[in-house]
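Asks: got a sequence here, can you build the structure:
(2 chains)
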Amino acid sequence: EAGVAQSPRYKIIEKRQSVAFWCNPISGHATLYWYQQILGQGPKLLIQFQNNGVVDDSQLPKDRFSAERLKGVDSTLKIQPAKLEDSAVYLCASSLGLEREAFFGQGTRLTVV
Amino acid sequence: GDSVTQMEGPVTLSEEAFLTINCTYTATGYPSPFWYVQYPGEGLQLLLKATKADDKGSNKGFEATYRKETTSFHLEKGSVQVSDSAVYFCALGDSGYALNFGKGTSLLVTP
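Replies: Below you'll find the predicted structure:
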């Protein structure tokens, strides 16, 4: 079974630029999560989708971050404009439903300079 | 809201030593605890989980028992190997919402 796919693996941008990350969840998984993992910390939830609807985006900085999950499959996370403090690994995860076991992708490491 | 506290690292052990990584939490509702592991250069992987009080999760020689009375889910392994070197995250799931992670504990096992 293929895992959660994310791209790109690495991205370096200058502050105030924009960037987008892509995630393809495990086939059949209705729930999709985006997490932000700052160096030395645990992952922090940014947004949770159930199919193509948002379940929780309370910790998403909506002035600069946006995410969508069209057709309830793939998802993109965008940052515009980026700040230095956005440097982190962005993790995508999926699960069969509103359950607790999530499967994670390898993440996208973003460096903002 | 829910919170997870795990012991700070790094933890350095010799091969075959006994490992304990403490994890405690505060939560409303009926949470389920998890341990995830992140090996160098890899993504987060589920190590083990528990779904009800006094459940013992186990995998790859690791064990953790869900203690509701002490709100704890400590990770243990009787004899660690060099290949166990990784970062270990305690996490809490509650009523279908996303996992809430601790800060992680880095483990280095030396030969």
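Asks: nearest spatial neighbour of A:Ile47, chain-adjacent residues omitted?
Replies: Counting by CB to CB, 6 or more residues apart in numbering or on different chains, the nearest residue to A:Ile47 once its immediate chain neighbours are dropped is A:Asp57, at 4.5 Å. The way it works is simple: take the backbone N, C-alpha and C, and place the C-beta from them, glycine included.
Asks: who in chain A is up against chain B?
Replies: A:3-4, A:33, A:35, A:40-45, A:48, A:55-56, A:91, A:93, A:97-107 (CB under 8 Å from any CB of the partner chain).
Asks: out of those residues, which are buried?
Replies: Applying a neighbour-count criterion of 16 or more other CB atoms under 10 Å in any protein chain shown, the buried members of those are A:4, A:33, A:35, A:42-43, A:45, A:48, A:55, A:91, A:93, A:100, A:102-107.
Asks: and the helices in chain A?
Replies: For chain A, applying DSSP state H gives no helices.
Asks: state the distance from the spatially most central residue of it to B:Thr26.
Replies: For chain A, A:Trp34 is the residue whose C-alpha lies nearest the centre (CA atoms, centre = their mean; 3.1 Å). To B:Thr26, A:Trp34 is 25 Å away according to CB to CB, to the nearest Å.
Asks: all strands for the chain, in order.
Replies: Just so you know, I chose chain A. With DSSP state E as the criterion, chain A has strands at A:5-7, A:10-13, A:19-24, A:31-37, A:44-50, A:53-56, A:65-68, A:75-79, A:88-95, A:103-104, A:108-112.
Asks: meant chain B actually
Replies: Using DSSP E, strands in chain B cover B:3-6, B:11-14, B:19-21, B:23-26, B:31-38, B:44-49, B:56-59, B:62-65, B:75-77, B:86-94, B:100-101, B:105-110.
Asks: list of residues touching the fourth one?
Replies: Read it as strand B:23-26. Here strand B:23-26 makes contact (CB atoms under 8 Å, 6 or more residues apart in numbering or on different chains) with B:2-7, B:31, B:33, B:35, B:64, B:70-75, B:90, B:92, B:102.
Asks: what does the longest one give?
Replies: For strand B:86-94, contacts defined as CB under 8 Å, 6+ apart pick out A:42-43, A:99-101, B:2, B:4, B:6, B:9, B:21, B:23, B:25, B:27-40, B:44, B:47, B:73, B:75, B:99-102, B:104-107.
Asks: ok, back up a step: next, format the strands of chain B as CSV and append mean neighbour count.
Replies: Shown next, in CSV, are these (neighbours: other CB atoms under 10 Å in any protein chain shown):
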stretch, mean neighbour count
strand B:3-6, 18
strand B:11-14, 14
strand B:19-21, 18
strand B:23-26, 18
strand B:31-38, 25
strand B:44-49, 20
strand B:56-59, 15
strand B:62-65, 20
strand B:75-77, 20
strand B:86-94, 23
strand B:100-101, 22
strand B:105-110, 17
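Asks: now those as CSV including mean pLDDT?
Replies: Output for the strands of chain B, formatted as CSV (pLDDT from 0 to 100):
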stretch, mean pLDDT
strand B:3-6, 92
strand B:11-14, 97
strand B:19-21, 97
strand B:23-26, 92
strand B:31-38, 91
strand B:44-49, 93
strand B:56-59, 94
strand B:62-65, 96
strand B:75-77, 97
strand B:86-94, 91
strand B:100-101, 91
strand B:105-110, 96
